[in-house]
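Chemist: show me the folded form of this:
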Amino acid sequence: MMVSFTPCYIKPNLLMWLAQLLCAIIMLLFFVSIVQAGSGVQIKFASLDHIDGGYRLNVDSNITLNPTLKQALKKGVTLYFVTRFGLVKPRWYWFDEEVARGKIRAELSYYALTRQYRLRHGEQLQHFISLLEALRVLSRLRDYPVTINSELESDVDYVATLRVWLDLQRLPKPFQVETIGSKAWVLTSRRLEWRTKLPLSTQQLYEQGHL
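Modeler: You can find the predicted model right below:
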């Protein structure tokens, strides 16, 4: 019994169509990667300093927006940013003790009538002509007061954490629905963690017998 095989023949037009489809998929994936890489939050520097008897948080970050977020701003959507800081005392025998916690909110918006960007930090309101300048100021946090909840101890390594992100829950409801499953709306930094020995205030040094 002879078994014969007939070679499979694909029309040149079909091959060309498949090649074009493959190129389109590659270009689409490349475009998506560019859009995603064009936005994000990168924390470049953070410190907790002892100034005038209190503690101040300083942060330098790099915040960039992709075309989707820029277009939302142009449509009048306010973008809400959150900076969360935490400080704990590690304990091997129990849960870590929370020493301090802070949450700083900022609002970035655009007004078509004046063609200006507005940045609000608490009660402070600033106006900018360019988005680049507004983002530069948004990326810098200076001398934010941090309240210490419990007495600090000398020669203790405290663990500080910091993260910055776009708060999607503050967006209008229609945009919250649009953000579901969309990476274009995900704007967050990695969780930064570092160890620090905090300088004690004069009163704390006196109470602990160092003065």
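Chemist: can you give me the helices in this protein?
Modeler: 12-37, 67-74, 131-138, 173-179, 202-207 (DSSP state H).
Chemist: mean pLDDT lowest for which of the ones you listed?
Modeler: Between these, the one with the least mean pLDDT is helix 12-37; it has a mean of 44.
Chemist: ranges for the strands of the chain?
Modeler: Counting by DSSP state E, one finds strands in the chain at the ranges 40-51, 54-64, 79-89, 97-111, 116-121, 124-128, 140-146, 158-166, 192-196.
Chemist: format those strands as a markdown table; extra columns: distance to Ala184, mean pLDDT and mean neighbour count.
Modeler: Any C-beta I mention is one placed from the backbone N, CA and C, and that applies to glycine too. What follows is these, written out as a markdown table (distance: least, C-beta to C-beta, whole Å; pLDDT from 0 to 100; neighbours: other C-beta atoms under 10 Å):
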| stretch | distance to Ala184 | mean pLDDT | mean neighbour count |
| --- | --- | --- | --- |
| strand 40-51 | 11 | 89 | 15 |
| strand 54-64 | 13 | 92 | 18 |
| strand 79-89 | 13 | 95 | 19 |
| strand 97-111 | 17 | 93 | 16 |
| strand 116-121 | 20 | 95 | 17 |
| strand 124-128 | 23 | 95 | 12 |
| strand 140-146 | 25 | 92 | 14 |
| strand 158-166 | 11 | 94 | 19 |
| strand 192-196 | 24 | 88 | 13 |
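Chemist: right, and the ones you listed - which one's nearest Phe175?
Modeler: Phe175 lies closest to strand 79-89 among the strands of the chain, at 10.1 Å (C-beta to C-beta).
Chemist: partner strands of the closest one, parallel or antiparallel?
Modeler: Note on strand 79-89: by DSSP bridges, its sheet partners are strand 97-111 (antiparallel), strand 158-166 (antiparallel).
Chemist: also compute the angle for the last one relative to helix 131-138, please.
Modeler: Which is strand 158-166. Put simply, strand 158-166 runs at 160 degrees to helix 131-138, going by axes from the mean of the first three to the mean of the last three C-alpha atoms, to 10 degrees.
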